[in-house]
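Novice: what would the 3D arrangement of this be:
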Amino acid sequence: MKIAIMGAGGIGGYYGGRLAASGADVSFIARGAHLAAMQANGLKIISPLGDAHIAKVKATDDPSTIGPVDIVMFCVKLYDLEAACEACKPMIGPDTAVISFLNGIDSEDRMRAILGDKAVVGGTAQIPSNIIEPGVIEHKAPLAALEFGELDRSDSQRLQAFHDVCVNAGIETYLVENIETAIWLKFAILVPFATTCCLTRLPGKVLIEEPVVQEIAVGAMKEIIALAAAKGVQLPPDALESRMALLSNFANAMPSMLVDLLAEKRIELEGLQGAVVRLAKELGVPAPVHNIAYAALKPFENGPPDY
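Specialist: I've put the predicted structure just below:
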């Protein structure tokens, strides 16, 4: 099985590294200093589940040099989605699965508009990880799981084969029938986590140590759960309680949005908080927490404001 990692950051770098370390045929698409470091020194993973150093990796910034693959792990930023879809077309054959491991709730629809329904697969990556220096991925907590499934809920030999490769690499992996629910459940923890940490400029521990700050996350979760219901997506009755319980895994972690914000880089505002604000307006669902968060973070969307 040939696997391509489109975006070798915290998610793609970690899971691609684990797959490569197990002997899987993995090619990384990266750019800039991170790509240069991988080409020169390989890829390093620092993790409570075990460190790894893949001394030689196949890494490029040109997907056309890789050719068709069986699986594309699609792990780019939401604002790069359309350009990355166009760039990965040379890697897509008649049976290639392009699995979305992005942070949004409309990523798959945007991808299908470019790549077609058959190629695109829904997925989630549950992991607190970031690039801490070029060529080095740091994984901050034991949580590291993948979920994926065909968007039409059909049985899938191509995904079963990829599931088996992931399990062989020691990755906690789930092939699920209803991937839409899984995507919304991830969104219901990711966005409140990112929102709270970005507003306070503090890592996840603030959610545990400060009850008044935790209320921001609770309010944001309730809004997303209400949105899911308005969209006809059935989440489990304990969605709020289970999402809050999972936050304990992120006490020592920073969401990638906060990492980018502190580094004065572009943030995924429109794909996360912005998506909630737009959908809430469309469906008539109150979203005061997200309205305030979106407004507070908007000046920093493309880096520090120049005023």
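
Novice: can I see the domain layout of the protein?
Specialist: 2-177, 181-300 (automatic domain parsing).

Novice: can you list these in JSON lines and add mean pLDDT and distance to Y307?
Specialist: Backbone N, C-alpha and C define where each C-beta goes, glycine included. Compiled in JSON lines, those are given as follows (pLDDT from 0 to 100; distance: least, C-beta to C-beta, whole Å):
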{"stretch": "domain 2-177", "mean pLDDT": "97", "distance to Y307": "22"}
{"stretch": "domain 181-300", "mean pLDDT": "95", "distance to Y307": "8"}
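
Novice: mind putting the ones you listed in JSON lines, mean neighbour count included?
Specialist: Formatted as JSON lines, these follow (neighbours: other C-beta atoms under 10 Å):
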{"stretch": "domain 2-177", "mean neighbour count": "19"}
{"stretch": "domain 181-300", "mean neighbour count": "18"}
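
Novice: and those as a markdown table, adding distance to D306?
Specialist: Formatted as a markdown table, those follow (distance: least, C-beta to C-beta, whole Å):
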| stretch | distance to D306 |
| --- | --- |
| domain 2-177 | 20 |
| domain 181-300 | 10 |
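
Novice: find the nearest non-adjacent residue to R112, please.
Specialist: V120 (4.7 Å; C-beta to C-beta, 6 or more residues apart in numbering).

Novice: that neighbour: what's it in contact with?
Specialist: Residues in contact with V120 (C-beta atoms under 8 Å, 6 or more residues apart in numbering) are V98, S100, E108, M111, R112, L151.

Novice: and the two most separated of those?
Specialist: Greatest spatial distance among the contacts of V120 (C-beta to C-beta): V98 and L151, at 11.3 Å.

Novice: for those two, list the residues in contact with both.
Specialist: By C-beta under 8 Å, 6+ apart, the residues touching both V98 and L151 are V120, V121.

Novice: just the strands in this structure please.
Specialist: 2-6, 25-29, 43-46, 52-54, 58-60, 69-74, 92-100, 120-126, 129-133, 136-139, 145-149, 172-175 (DSSP state E).

Novice: if I pick the residue nearest the centre of the chain, what's in contact with it?
Specialist: Note on the chain: the residue nearest the mean C-alpha position is L102, at 3.8 Å, using C-alpha atoms, centre = their mean. Counting by C-beta under 8 Å, 6+ apart, L102 makes contact with F74, C75, V76, L78, L81, G271.

Novice: now do 6 Å
Specialist: L78 (C-beta atoms under 6 Å, 6 or more residues apart in numbering).

Novice: so for V76, what's the nearest residue that isn't a sequence neighbour?
Specialist: Nearest to V76 is G7, by C-beta to C-beta, 6+ apart, at 3.9 Å.

Novice: please look at the one you found and L78 and confirm they touch.
Specialist: No - G7 lies out of contact with L78 (C-beta atoms under 6 Å); the separation is 11.0 Å.

Novice: what's the closest of the strands of the chain to E223?
Specialist: When the strands of the chain are compared (using C-beta to C-beta), the closest one is strand 120-126, at 19.7 Å.

Novice: quickly run through the sheet partners of the closest one, with directions.
Specialist: Here strand 120-126 has these sheet partners by DSSP bridges: strand 92-100 (parallel), strand 145-149 (antiparallel).

Novice: angle of the longest one against strand 69-74?
Specialist: I take that to be strand 92-100. Per axes from the mean of the first three to the mean of the last three C-alpha atoms, to 10 degrees, the angle that strand 92-100 makes with strand 69-74 is 30 degrees.

Novice: also the shortest one?
Specialist: Here strand 145-149 points in a direction 120 degrees away from that of strand 69-74 (the same axes, to 10 degrees).

Novice: chain center to strand 145-149, what's the gap?
Specialist: How far strand 145-149 lies from its chain's middle: 11 Å, per C-alpha atoms, centre = their mean, to the nearest Å.

Novice: what of stretch 160-169?
Specialist: For stretch 160-169, the distance from its own C-alpha centre to the chain's C-alpha centre is 19 Å (C-alpha atoms, centre = their mean).

Novice: dump the C-alpha coordinates for that stretch into PDB.
Specialist: Extracted in PDB, the C-alpha atoms of stretch 160-169 (Å, rounded to 0.1, in the frame of the first residue of the first chain):
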ATOM      1  CA  GLN A 160     -10.300  -1.900   5.800                       C
ATOM      2  CA  ALA A 161      -6.800  -2.300   4.200                       C
ATOM      3  CA  PHE A 162      -5.700   1.000   5.500                       C
ATOM      4  CA  HIS A 163      -7.100   0.300   9.000                       C
ATOM      5  CA  ASP A 164      -5.000  -2.900   9.100                       C
ATOM      6  CA  VAL A 165      -1.800  -1.000   8.100                       C
ATOM      7  CA  CYS A 166      -2.500   1.600  10.900                       C
ATOM      8  CA  VAL A 167      -3.100  -1.100  13.500                       C
ATOM      9  CA  ASN A 168       0.100  -2.800  12.400                       C
ATOM     10  CA  ALA A 169       1.900   0.500  13.100                       C
END
